[in-house]
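For reference, the sequence and a predicted model appear below.
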Amino acid sequence: MTIPSRLTFALGIALLLLLHHTVRPLLGWRIEVDWQVIALVLVALRSRPGIAALVGFVLGMVMDAMVPAAFGAGALVLTLVGYAAARFRAGFFGASVLLGTVIIGLGKFLSDVAVVVAEGRLRGVGFAVQVGLWSPLSAALTAMVGAGLLGLARTEAPGPRRR
Amino acid sequence: MRGASEETRTDRLLVWACVVASVILLMLSPARQERAASAVREIVIAPLAALQVRTRLVQRAVTSYDSLIRLADSTIRQAQTLPAVQAENAQLRALLGLGAALQWGFVPAEAVPSRAMGDAHTVVLSAGSRQGITTLSPVVAASGVVGLVAAVEEMTSLAIVWPHPDLRVSATSRAGVGFGIVTAHPEDGSDAFLLEWRGVPFRDSLAVGTEIVSSGVGGVFPAGIPIGRVVGEVDQGSAWSRTYLVQPAVRPADLSAVMILTIPRVAAGVDSLWPAP
């Protein structure tokens, strides 16, 4: 990867994180795109598993800072999502954007569920609606947007290792 | 050269370190969790919150620009009927009036909703310890109680607002009949934004439409700030007390500007600043 393409990639990730903290709260939609999870999987595409996990941990902590009651839950899930994305990449990502999309959707859904469960604020019907409706829809929307960005990034990303 | 995704011992160590750190954070006491979250907010979220305030200013500038174009295309009257602009103008005018009435002991702030899962129940305020804000400072708007500052950073603070389950305000009716605690109504659906006024003595029967204000008991909220209006009674089968459903005077999700009362102002009171309608 050349220095200009590294810079472009870093700027792209910074832009995604900026979108997450500026545009998303302004829109205030119940079904929202989680730019942070997309950024994490994009980083995981090009990083070692340890680095991807560390990035997931840091992004999760930032997410948790807004919900102190669940502090650590998002960090744990995003650590595992980053690690899983980086691990699976060797075998699949080069050949399939689909798996990346699934990991983004699953990551978003699991981080939502982890935060809701750890926070313990929503119960009964509220919990069921959040976990059964809003979180899956947000995960699906995030995965759709992520698929597009993965398609763009794929042209730049290194393929699977050949022996 | 090793492949970027090939796992080494360093990778495994990093992953385990992150997982263990996450679990430790999860198991911390709420006070320590809040301290850690506050540190992260101060380092990462505060600059982003400042950016959000800027984004809102740009959003408003764009809205104003649209209005100007409409003025050119249509008439001034038509432009002024834009509901969003009208609502915000009314809000700011009311807030200016409140500021003039309060005269001292308040800090104006922008309120940026920080959406967590479910309904918005916290807002980031663009004023922090540098402006003299402390935890438990009441957050108010021209129409009444908005919430309470829960955490303070140097330039920003985090407030819990209706319908946060931890927000409780000691209340009485405008006429001083009945004392109880107003808190969130734990229901879903159309009632989710209503509040409950609990523990009102059974002898104090109140009519629908009765205005509820803060009673000043507890010393966090000064007496006389509107909370909402009674919309009905909840049958909880208690022989000693009544619980009323209250429609909040303020819907925090609609607010973009608020005032934070300082502790000396709370101690001095705000009597008669919110007169009966």
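Right, received. Where do you want to start?

Assign a three-state SS to B:Asp204, would you?
coil (DSSP: H, G, I helix; E, B strand; the rest coil).

most centrally placed residue in chain B?
Geometric centre of chain B, nearest residue: B:Val161, 3.1 Å, by Cα atoms, centre = their mean.

Which residues does the closest residue in space to it that isn't next to it in sequence form beta bridges with?
Spatial nearest neighbour of B:Val161, chain neighbours left out: B:Gly147 (3.4 Å); criterion: Cβ to Cβ, 6 or more residues apart in numbering or on different chains. From N, CA and C alone the C-beta is placed, and that goes for glycine too. Beta-bridge pairing for B:Gly147 (DSSP bridges): B:Val139, B:Val161.

all helices in the chain, in order from the N-terminus.
This is for chain A. Using DSSP state H, the helices assigned to chain A run over residues A:3-27, A:35-45, A:49-64, A:73-88, A:97-119, A:124-129, A:135-154.

oops, I was thinking of chain B
Taking DSSP H as the test, the helices found in chain B are B:9-27, B:30-40, B:46-73, B:76-80, B:83-102, B:263-268.

Can I get those in CSV including mean neighbour count and mean pLDDT?
Shown next, in CSV, are the helices of chain B (neighbours: other Cβ atoms under 10 Å in any protein chain shown; pLDDT from 0 to 100):
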stretch, mean neighbour count, mean pLDDT
helix B:9-27, 16, 89
helix B:30-40, 16, 83
helix B:46-73, 14, 72
helix B:76-80, 12, 60
helix B:83-102, 13, 69
helix B:263-268, 14, 85
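
Now tabulate these in JSON lines and tack on distance to B:Pro138.
Output for the helices of chain B, formatted as JSON lines (distance: least, Cβ to Cβ, whole Å):
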{"stretch": "helix B:9-27", "distance to B:Pro138": "31"}
{"stretch": "helix B:30-40", "distance to B:Pro138": "19"}
{"stretch": "helix B:46-73", "distance to B:Pro138": "21"}
{"stretch": "helix B:76-80", "distance to B:Pro138": "33"}
{"stretch": "helix B:83-102", "distance to B:Pro138": "12"}
{"stretch": "helix B:263-268", "distance to B:Pro138": "6"}
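
With distance to B:Ala253 and mean neighbour count added, can I get the helices of chain A in TSV?
Shown next, in TSV, are the helices of chain A (distance: least, Cβ to Cβ, whole Å; neighbours: other Cβ atoms under 10 Å in any protein chain shown):
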stretch	distance to B:Ala253	mean neighbour count
helix A:3-27	12	14
helix A:35-45	22	27
helix A:49-64	21	26
helix A:73-88	23	26
helix A:97-119	19	22
helix A:124-129	16	15
helix A:135-154	18	19
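
Dump those helices to JSON lines, plus distance to B:Leu98 and mean pLDDT.
Formatted as JSON lines, the helices of chain A follow (distance: least, Cβ to Cβ, whole Å; pLDDT from 0 to 100):
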{"stretch": "helix A:3-27", "distance to B:Leu98": "26", "mean pLDDT": "71"}
{"stretch": "helix A:35-45", "distance to B:Leu98": "37", "mean pLDDT": "85"}
{"stretch": "helix A:49-64", "distance to B:Leu98": "35", "mean pLDDT": "87"}
{"stretch": "helix A:73-88", "distance to B:Leu98": "38", "mean pLDDT": "86"}
{"stretch": "helix A:97-119", "distance to B:Leu98": "33", "mean pLDDT": "83"}
{"stretch": "helix A:124-129", "distance to B:Leu98": "34", "mean pLDDT": "80"}
{"stretch": "helix A:135-154", "distance to B:Leu98": "37", "mean pLDDT": "85"}
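
Dump the ones you listed to CSV, plus distance to chain B.
Below are those laid out as CSV (distance: least, Cβ to the nearest Cβ, whole Å):
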stretch, distance to chain B
helix A:3-27, 4
helix A:35-45, 9
helix A:49-64, 3
helix A:73-88, 4
helix A:97-119, 5
helix A:124-129, 5
helix A:135-154, 8
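
Now for the residue nearest to the centre of chain B: which residues touch it?
B:Ala120, B:His121, B:Thr122, B:Val123, B:Val139, B:Val146, B:Gly147, B:Leu167, B:Pro252 (Cβ atoms under 8 Å, 6 or more residues apart in numbering or on different chains).

Find me whatever residue is spatially closest to the second one, sequence neighbours aside.
With Cβ to Cβ, 6+ apart as the measure, B:His164 is the residue that lies nearest to B:His121, at 4.1 Å, once sequence neighbours are left out.

For that neighbour, give me its contacts.
B:His164 makes contact with B:His121, B:Thr122, B:Gly147, B:Ala184, according to Cβ under 8 Å, 6+ apart.

Among the residues you listed, name the ones in strands.
In strands, judged by DSSP state E, the following of the contacts of B:His164 are found: B:Thr122, B:Gly147, B:Ala184.

Which residues does stretch B:198-216 contact?
Under the contact criterion Cβ under 8 Å, 6+ apart, stretch B:198-216 has outside partners B:145, B:169-174, B:177-183, B:197, B:221-232, B:238-244, B:246, B:269, B:274, B:276-277.

I should have written stretch B:38-45 there, sorry.
Contacts of stretch B:38-45 (Cβ under 8 Å, 6+ apart): A:21, A:61-62, A:64-66, A:68, B:124, B:151, B:153-154, B:156, B:158.

and which of these is nearest A:Leu133?
Relative to A:Leu133, the closest of the contacts of stretch B:38-45 is A:Met66; by Cβ to Cβ it sits at 21.6 Å.

got a list of what the residue nearest to B:Val161 touches?
If you count contacts by Cβ under 8 Å, 6+ apart, then B:Gly147 has B:Val123, B:Val139, B:Ala159, B:Ile160, B:Val161, B:Trp162, B:His164, B:Leu167, B:Pro252 around it.

so which of those comes closest to A:Ala14?
Distance to A:Ala14 across those (Cβ to Cβ) is lowest for B:Val123, with 25.6 Å.

in the sheet, who's paired with the closest residue to the closest one other than its chain neighbours?
Distances taken as Cβ to Cβ, 6+ apart put B:Ala111 closest to B:Val123, at 4.5 Å, once the chain neighbours are dropped. Here B:Ala111 sits in beta bridges with B:Leu125, going by DSSP bridges.
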